[in-house]
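>>> Okay, predicted coordinates and the sequence, questions at the end:
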Amino acid sequence: MRSFVPQYRMETPRNLADALARMAREPGVWRPFAGGTDLMVLLEAGKLPHRQFLSIWKLPELRGIAVTPEFVTLGALTTYSEVRWHEVLRREFPLLCRAAAETGSIATQNRGTLGGNIANASPAADSPPALLVYDAELELVSARDERWVAFHGFWKGYKKLEMRDDELIRRIRLPRNKNGWTQFYRKVGSRHAQAISKVCLAGTALQESGSIADVRIALGSVAPIVLRATETEKILRGQKLTAQIAHTAEKALAREITPIDDIRSTAHYRLRVAQNLLWEFCEVLAS
Amino acid sequence: MKDPQIGKAVPRKEGREKVTGSARYVDDLTFPGMIHGVTVRSSIARGRILGIQFGEGIPWDEFTIVTAKDIPGKNCVALLIEDQPCLADQFVNHPEEAVVLLAHADKYLLEEARRAVRIETQPLPPVFTIEDSLARKQVIWVEDNIFKAYQVEKGNVDTAWEAAEFIVEGEYETGAQEQLYIEPQGMIAQAGPGSRVTVWGSLQCPYYVHKALVRLFDLPKEQVRVVQTETGGGFGGKEEYPSMIAGHAALLAWKSGKPVKIVYDRAEDMAATTKRHPSRTRHRTGISRDGKLVAMEIDFTLDGGAYETLSPVVLSRGTIHAAGPYSCPNVRIRSRVVATNAPPHGAFRGFGAPQSVFALERHLDRVAAAVGLTPEELRRRNFIHEGETLAVSQVVREKVQMDKLLDRALELSGYHEKRKRFATENARGPIKLGIGFASFLHGAGFTGSGEEYLASEALVTATREGKVHVLAGSTEMGQGTNTIFAQIAADALGLDCQQIEILQPDTALVPNSGPTVASRTTMIVGKLVESAALSIRKTLQDAGLLKAEYGSKEFQDACCRYIEKFGALQSLVKYQHPQDLHWDDGTYQGDAYGAYAWAVYVAEVSVDTRTAEARVEDFVAVQEVGKVIHPVLAAGQIEGGVAQGIGFALYENIVWQEGRMANGQMTNYIMPTSMDVPNIRVYFEEIPYARGPAGAKGIGELPLDGTAPAIANAIAHATGADVRAVPMTPEKLMELLESVHA
Amino acid sequence: MPEALRRIRVQCVINGKGVSLEAYPMARLLDVLREEAGLTGTKEGCGEGECGACSIEMDGVLVNSCLVPVLQAEGAVIRTIEGMAGAGQLSAVQQAFLAHGGAQCGICTPGMILAAVNLLSRNAQPTESEIREGLSGNLCRCTGYTKIFESVMEACRLLEVGK
């Protein structure tokens, strides 16, 4: 343990209102702490600069999965395990379940939360590509207001969120409008379990009379944030899928991602694999 | 008499403690008044130490602080030579070199203090690669950066090329590999200030630690005591480095007068402790028209890191194994290990052999292709047989059946059928399948005259109650020493394993049985245990207290009566080097090892060409290791070794930045999970070895040698990629695949 | 001297017994189990939730105790390796690990057994691939996993017979 643990303060708010009141009173002083699967790793490594946390892990207001005709709405503290085994999600949002199943280990899936994953804003996170292609929306709450925002655009840059210090992610909702869409998810990690992704691609597309009526493509680990490949989508949208269009899309993708060399992989590899995954997605659409 | 225990899967001796969580590892122990220690390390790869600053905000007067000047004896970690300081004084030669030690009761405060110490240095230009070291870009070790060099000559290579129809050359590389035992290293030390030192810890070789402490403290041998605690894996990683940590803990205990515990966290363990030596091998091979090897010229280089440590011995084993289980009349092997400014590389299961065997077995597949033979046919035409000589001119006197092992391995793996089927299947789709193999040998025990020099001992005693105690310096670290020794002693005495107790290795109690390394524990020390146990039986029978046939009750009575009459019942046996084994260190010729294990491993892989990920789909390991003492433990050794070999081949990549491991977390240094290894299918051929206990030979290191080349050959078969290096990460394979298609 | 906060008391149930533990709120549950509760069967292998040596059951689910701040264990029901064997009788999973070579060096074993028990509590008859997946968060450097799968398969048989 490389941190000076006696200096770290953590308290348990009585309820959501209490948590929000404290965050409003001292904005930026108290930070929410959910399942700890990211923050505790930083604490162990002596790399957790913030020292004051509210444990929101047990707040019932942030839990549960609700299904209505329009949306599936997930409490921010929904764990990967809960996502993985939820029947409606498995049926309608399989990419999210797949992402959850490929996140960390079972122990991690039992503690890691969707809200925490979004707030942590890792460019290598596994669920956000799925959330992006499902047009997910986030509900942000504070002591003074609450608002729904699109997840696309919520991450402004590396670890930068479109969110105030006094706000908390309460819920995530997925519109149930992907009926008939083809869905694709592939994570390429360093091994076959417990891996951090080197490249991850999620794609959904609606095909009508032989052409792509609408499409969403999102990628992880190839930019400072998990990215919607909107330029690549534009190439494909409204087109009949041919090898030539797929090649044009590959080229567009190369222009909008910015992979880097790091200790996990190389820019060259990430670029090539991102393109190959896009190609694979196109093959799935063509088949 | 009891049924034979050897050959049966008797329960692991310390198994119950392990499955209930009651086994005590070093970090589980607490001593009254114990405080904790940490190490402050150099921050640069090479330079001069100008000063040490202790930052503000820390109550330094509460801390025990140790630097080089506090060392009572010689400032070294005594091993082969005494070049490595226990604490750097004046100079640092790698980025993880220990400079200052701190101890305090509060672990949290200790970390805060570690961060507050600043070592001021003046950098000197470092050397990080084999190439730069050989080119003497900077001279960082004596005159030429070379710790040790060997040359092996057999026949006349220079004149042999003429007879060669084909000449094939190639260069091969292997990377550093972390042992990654799941229990990080740690030690607890207690010192009677000025008089006595005792350490308890996670270690493989109690007498190595003992030797280092005697020198460090300049104490008489009997005033230093080393006790092994339950050890959570070693794989070579706890062969030499524990001497360093033991020295550090003992220095803090010596100065503070309190027991001191140092347990590394994973990040420190990965960064500072030894790893497998990176290697570069060049082959030049001449083949006759009929596919016989006529000349092999091998140039083998290891990166030793900053100090000599065990590098000469690792180099030796790598050199001797470099020409494999083949008969070739003309061989030249030149080898050397060079200095770089990285933490010293060290022992890791296989000990130099996995490096040179990788190069040879990968090279031979390329040779076969060049000559127009199948890989198996090329090997078949060149396998060594009884009466023929290995590269070091050792005449093979054992029965050796490489052909049979090859046949069996190819059959069990469905090699021929798959070779055919994959060729058609691979024509379509992005997933390419391949199958490849490696054939190899591994010498058990210390090299050459090493065992003679070690002169190991083992002691067996019996109590009045008929309990038999085995006292040996050999350690249990998961591989099964306790159980194997119990089986061997039990059969020698006609008893049940439960009547045999293996004492905890403690230099105050057990004799020096040599280090627990080099696949020597069963074959060499096990033989001593067998002899000692047989001698107890003979003593009782000679005294007329025991009949030829007896049960455990009769044995107990005999022990009781003997002890009443004559006193202690015990037998100490010392290793006797076989008269007919000769080794010449000067020419590097002779009987390098008393016995070899022989093996053929077959790997089947799939490669996804979209992502360049290779995956091992099936693995068949066929080996001849003499008598198998314990079928479950033996298979467990092979399976575990193969899994480490899969890591070595595909996943375990160390990212070096300025001599430092940049990916020193388990998240970023990738070892195989249960999803990354196939069912490993293990088969034994048993040809009893006359000098092994019950006919057993060594086994532990063998599986590391052949796994990586079998996988590399399978990847080459699947994709056509000319694989020359491991780990073959997807990043590297992607580039190779691109060059195949270019 | 860096400023330290006060330690807090956390009440929870460990292996069926109610306990009150004193610790800093963000101390790792792993350390508190080992140092305050004296339960050293739970091991530390990496400190970053990667190796699974510190696996325990908390409120019925498998967690890495190195990633749980002790404050969050308030009111929790915890099971560790020490709670696996009842009255000198090894559990089926422990017996199987002992008989089939599932434990070598033993350091991953407590976590591996917790993961196996947790898997079998969710799925009494797992397939081989389900076992592989269920144990993929527990790294073993000794066995190559094969003997561990065999042990879990054997435990299924023992449990089935014992019903």
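Structure received.
>>> Would you point out which residue of the stretch 51-200 of chain A is nearest chain C?
With CB to the nearest CB as the measure, residue A:105 is the residue of the stretch 51-200 of chain A nearest to chain C, at 2.3 Å. Where you see a C-beta, it was placed from the backbone N, CA and C, and this is true even at glycine.
>>> OK, contacts around that residue?
By CB atoms under 8 Å, 6 or more residues apart in numbering or on different chains, residue A:105 lies in contact with A:193-194, C:49, C:52, C:64, C:136-138.
>>> so which of these is the most crowded?
residue C:64 (35 neighbours; other CB atoms under 10 Å in any protein chain shown).
>>> these two touch, right, that residue and residue A:107?
Yes: contact criterion CB atoms under 8 Å: residue C:64 and residue A:107 qualify, at 4.6 Å.
>>> Just the helices from the chain, written as ranges.
All of this is about chain A. A:16-25, A:39-44, A:80-84, A:87-92, A:94-101, A:106-111, A:114-120, A:127-133, A:230-236, A:243-256, A:267-286 (DSSP state H).
>>> should've been chain C
Using DSSP H, helices in chain C cover C:29-31, C:92-99, C:109-122, C:128-134, C:146-162.
>>> Can you tell me which of the ones you listed is nearest to residue B:596?
Residue B:596 lies closest, by CB to CB, to one member of the helices of chain C: helix C:146-162, at 25.2 Å.
>>> Just the CA trace of the closest one, in PDB.
Extracted in PDB, the C-alpha atoms of helix C:146-162 (Å, rounded to 0.1, in the frame of the first residue of the first chain):
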ATOM      1  CA  THR C 146      -5.500 -28.200 -15.600                       C
ATOM      2  CA  LYS C 147      -5.400 -29.800 -12.200                       C
ATOM      3  CA  ILE C 148      -7.600 -27.000 -10.800                       C
ATOM      4  CA  PHE C 149     -10.300 -27.800 -13.400                       C
ATOM      5  CA  GLU C 150     -10.100 -31.500 -12.500                       C
ATOM      6  CA  SER C 151     -10.500 -30.600  -8.800                       C
ATOM      7  CA  VAL C 152     -13.600 -28.500  -9.500                       C
ATOM      8  CA  MET C 153     -15.100 -31.200 -11.600                       C
ATOM      9  CA  GLU C 154     -14.400 -33.700  -8.800                       C
ATOM     10  CA  ALA C 155     -16.000 -31.300  -6.300                       C
ATOM     11  CA  CYS C 156     -19.200 -31.300  -8.500                       C
ATOM     12  CA  ARG C 157     -19.300 -35.100  -8.300                       C
ATOM     13  CA  LEU C 158     -18.700 -35.100  -4.600                       C
ATOM     14  CA  LEU C 159     -21.500 -32.500  -4.100                       C
ATOM     15  CA  GLU C 160     -23.800 -34.500  -6.300                       C
ATOM     16  CA  VAL C 161     -23.200 -37.700  -4.400                       C
ATOM     17  CA  GLY C 162     -23.500 -35.900  -1.100                       C
END
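>>> quick one, phi psi at the residue of the stretch 51-200 of chain A closest to chain C?
Backbone dihedrals for residue A:105, given as degrees, to the nearest 10, come out at phi -110, psi 180.
>>> can you pull the contacts of the residue in the stretch 201-350 of chain B that chain C sits nearest to?
Proximity of the stretch 201-350 of chain B to chain C (CB to the nearest CB) peaks at residue B:232, 3.0 Å away. By CB under 8 Å, 6+ apart, the contact set of residue B:232 is B:25, B:181-183, B:202, B:477-478, C:43, C:105-108.
>>> same question, residue C:138
Contacts here follow CB under 8 Å, 6+ apart; on that basis residue C:138 touches A:105, B:674, C:51-53, C:55, C:108, C:111-112, C:115.
>>> How about residue B:399?
By CB under 8 Å, 6+ apart, the contact set of residue B:399 is B:386, B:687.
>>> Sticking with it, tell me its helix or strand.
Per DSSP states H and E, residue B:399 falls between elements, in no helix or strand.
>>> Next, work out how far apart it and residue B:23 are.
According to CB to CB, to the nearest Å, residue B:399 and residue B:23 sit 40 Å apart.
>>> same deal with residue B:604?
37 Å.
>>> Okay, and the beta partners of the residue sitting nearest the centre point of chain C?
The residue lying closest to the centre of chain C (CA atoms, centre = their mean) is residue C:56, at 3.2 Å. Counting by DSSP bridges, residue C:56 is bridged to residue C:63.
>>> show me the contacts for it.
Residues in contact with residue C:56 (CB under 8 Å, 6+ apart) are C:29, C:33, C:42, C:62-63, C:65, C:78-80, C:114.
>>> out of these, who's nearest residue A:204?
Taking CB to CB as the measure, residue A:204 sits nearest to residue C:62 out of these, at 32.0 Å.
>>> coming back round to it: between residue C:64 and residue A:107, what contacts are shared?
With CB under 8 Å, 6+ apart, residue C:64 and residue A:107 have common neighbours C:49, C:52, C:55, C:137.
>>> My read is that residue B:620 contacts residue B:418, right?
No: using CB under 8 Å as the test, residue B:620 is too far from residue B:418 to be in contact (11.2 Å).
>>> Neighbour count: those two, which is higher?
Shown here are residue B:620 and residue B:418; by other CB under 10 Å, residue B:620 has more neighbours (26 against 20).
>>> Now do the SS call for that one.
strand (DSSP: H, G, I helix; E, B strand; the rest coil).
>>> quick one, what contacts it?
By CB under 8 Å, 6+ apart, the contact set of residue B:620 is B:409, B:412-413, B:601-602, B:681, B:683.
>>> Where neighbours are concerned, which of the residues you listed has the most?
Of the contacts of residue B:620, residue B:601 is surrounded by the most neighbours, 32 neighbours in total, counting by other CB under 10 Å.
>>> State the mean pLDDT of the strand or helix carrying that one.
When elements are assigned from DSSP H and E, residue B:601 belongs to strand B:595-608. Regarding strand B:595-608, the rounded mean pLDDT is 98.
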